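Visitor: Fold the following, please.
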Amino acid sequence: MSDIRLAAEVVAEVKKAVVGKDDILVKALLAVLARGHILLEDIPGVGKTTMALAFSRALGLAYHRVQFTPDVMPSDITGFSLYNKAAGRMEYQPGAVLCNLFLADELNRATSRTQSALLEAMEEGQVTVDGISHPVPQPFLVIATQNPTGASGTQLLPDSQLDRFTLRLSIGYPRPEDELELLRRRRGGAPLNGVRQVVDREGLERMRAQVDQVHIADEILDYMVRLSAATRSHPLIVQGASPRATLAVAAVSRAAAFVRGRDYVIPEDVADIFRDTVAHRLVLTPGCDGTQQDPLGEVLHMVHPPRLR
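Guide: Next up, the predicted model:
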């Protein structure tokens with residue numbers, strides 16, 4: 001089976017547990033292939049955690065899950081040193097983040113210190129405890145869920161952490177017919193039990209390596225830079241896309257081209273993923289919530305894509 005078909009098989013398996021959200025599942029897979037991290041923002045009960053667990057099963061990844069509350073400590077995430085009396089030395093006790101897929105459930109219920117404990121692992125692939133660095137297993141992926149800001153017991157994630165998430169996705173309510181199908185599937189037990197492993201860790205790394213080789217022409221790179229620059233000068237955007245955001249757009253565009261069966265990126269790949277890759281990194285002017293006014297839509301309309309020869 002080709003690796004492109006393998007990617008489609010992963011989505012097909014996750015669909016056994018998540019009904020009617022095919023576009024969200026494909027975008028989540030793009031982030032995985034782009035070596036990124038995913039932020040799922042939505043109200044409780046729409047399937048955020050189920051989706052994360054289904055991906056861990058389909059990709060054959062060892063996962064840890066932490067239900068974040070205000071009393072979760074940074075050391076619960078990164079680990080800590082404990083004195084071994086018999087050996088006469090301090091020994092490192094791994095934290096929850098030492099795994100392939102770390103599910104940070106309701107991350108915005110934790111304190112800022114605990115939220116920030118994830119930063120080093122997400123950006124550098126390691127944690128440092130008592131001055132000693134410990135690498136996280138590879139491949140490594142964080143899928144964090146958060147309830148909408150303003151929900152009871154939640155607080156804003158810091159900008160520095162939001163910028164580490166490659167994509168922010170929202171699952172939303174299911175359509176009535178999809179909700180009916182979900183009820184029918186429950187008759188046979190938990191849908192997660194039917195999700196089988198499609199690929200192992202070596203296979204995932206092989207697909208990621210192929211995504212890295214997808215070609216981006218200079219005209220497409222210029223298009224990405226012009227899109228990011230337009231967010232920095234838009235009157236409704238106080239803080240535009242960072243260079244890290246532009247790098248993420250390039251990485252996810254490569255993944256989009258790969259799953260569509262191409263070894264090169266076209267402007268449509270960039271336009272399709274730009275909003276989900278950039279929106280959560282922006283700071284809008286007071287009174288602009290991005291719903292009635294759509295600054296990113298204006299940016300995509302204003303910046304003309306190149307015509308490839």
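
Visitor: Now for the closest residue to residue 197 other than its chain neighbours, how many residues are close by?
Guide: With C-beta to C-beta, 6 or more residues apart in numbering as the measure, residue 60 is the residue that lies nearest to residue 197, at 4.4 Å, once sequence neighbours are left out. C-beta coordinates here come from the backbone N, C-alpha and C atoms, glycine included. Applying other C-beta atoms under 10 Å, we find 17 other residues in the vicinity of residue 60.

Visitor: can you pull the contacts of the closest residue to residue 282 other than its chain neighbours?
Guide: With C-beta to C-beta, 6+ apart as the criterion, residue 282 has its nearest non-adjacent residue at 5.5 Å, and that residue is residue 237. Residues near residue 237 by C-beta atoms under 8 Å, 6 or more residues apart in numbering: 231, 282-285, 295.

Visitor: out of those residues, which is most surrounded?
Guide: Of all the contacts of residue 237, the highest neighbour tally under other C-beta under 10 Å goes to residue 231, namely 25 neighbours.

Visitor: for that residue, phi and psi?
Guide: Dihedral angles of residue 231 (phi, psi; degrees, to the nearest 10) stand at phi -70, psi -30.

Visitor: ok, it touching residue 278?
Guide: Yes. Under the criterion of C-beta atoms under 8 Å, residue 231 makes contact with residue 278 at 6.7 Å.

Visitor: How about residue 61, nearest residue that isn't a chain neighbour?
Guide: With C-beta to C-beta, 6+ apart, the residue lying closest to residue 61 is residue 100, at 3.8 Å.

Visitor: show me the contacts for that neighbour.
Guide: 56, 61-63, 137-141, 201.

Visitor: Which members of the residues you listed are the farthest-apart pair?
Guide: With distances taken as C-beta to C-beta, the most widely separated pair in these is 56 and 138, at 15.1 Å.

Visitor: returning to what we had before: so which of the contacts of residue 237 sit within strands?
Guide: Within the contacts of residue 237, membership in strands is found for 283-284, as judged by DSSP state E.

Visitor: pLDDT and distance to residue 192 added to the contacts of residue 237, as a markdown table?
Guide: Formatted as a markdown table, the contacts of residue 237 follow (pLDDT from 0 to 100; distance: C-beta to C-beta, whole Å):
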| residue | pLDDT | distance to residue 192 |
| --- | --- | --- |
| 231 | 95 | 38 |
| 282 | 88 | 34 |
| 283 | 83 | 37 |
| 284 | 83 | 37 |
| 285 | 82 | 42 |
| 295 | 89 | 38 |
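
Visitor: Go ahead and flag the most central residue of this structure.
Guide: Among the residues of the chain, residue 38 comes closest to the average C-alpha position under C-alpha atoms, centre = their mean, at 1.2 Å.

Visitor: just checking, that one touches residue 145?
Guide: No. Here residue 38 does not reach residue 145: they are 9.2 Å apart, not a contact under C-beta under 8 Å.

Visitor: Please pick the buried ones from the contacts of residue 100.
Guide: 56, 61, 63, 139-141 (16 or more other C-beta atoms under 10 Å).

Visitor: what are the ranges of the strands in the stretch 51-200 of the chain?
Guide: With DSSP state E, counting those that start in this stretch as the criterion, the stretch 51-200 of the chain has strands at 63-67, 79-84, 89-94, 101-105, 126-129, 132-135, 141-146, 167-169.

Visitor: Centre of the chain to the second one, how far?
Guide: Relative to the mean C-alpha coordinate of its chain, strand 79-84 is positioned 31 Å out (C-alpha atoms, centre = their mean, to the nearest Å).

Visitor: next one: the third one
Guide: Centroid separation between strand 89-94 and its chain, computed with C-alpha atoms, centre = their mean, is 31 Å.

Visitor: any low-confidence regions in the chain?
Guide: Residues of the chain meeting the criterion pLDDT under 70: 1, 149-154, 289-292, 309.

Visitor: what are the ranges of the helices in it?
Guide: Assigned helices in the chain, in chain order: 3-14, 22-33, 48-58, 74-78, 112-116, 119-124, 159-162, 176-186, 201-212, 218-233, 243-259, 267-278, 295-302 (criterion: DSSP state H).

Visitor: what sits against the residue nearest to the centre of the chain?
Guide: Each residue near residue 38 by C-beta under 8 Å, 6+ apart is listed here: 28, 31-32, 141-144, 165-169.

Visitor: hmm, try it at 6 Å
Guide: Taking C-beta atoms under 6 Å, 6 or more residues apart in numbering as the definition of contact, the neighbours of residue 38 are 28, 31, 143, 167.

Visitor: so which of these would you say is closest to residue 185?
Guide: When those are compared against residue 185 (criterion: C-beta to C-beta), the nearest one is residue 28, at 19.9 Å.
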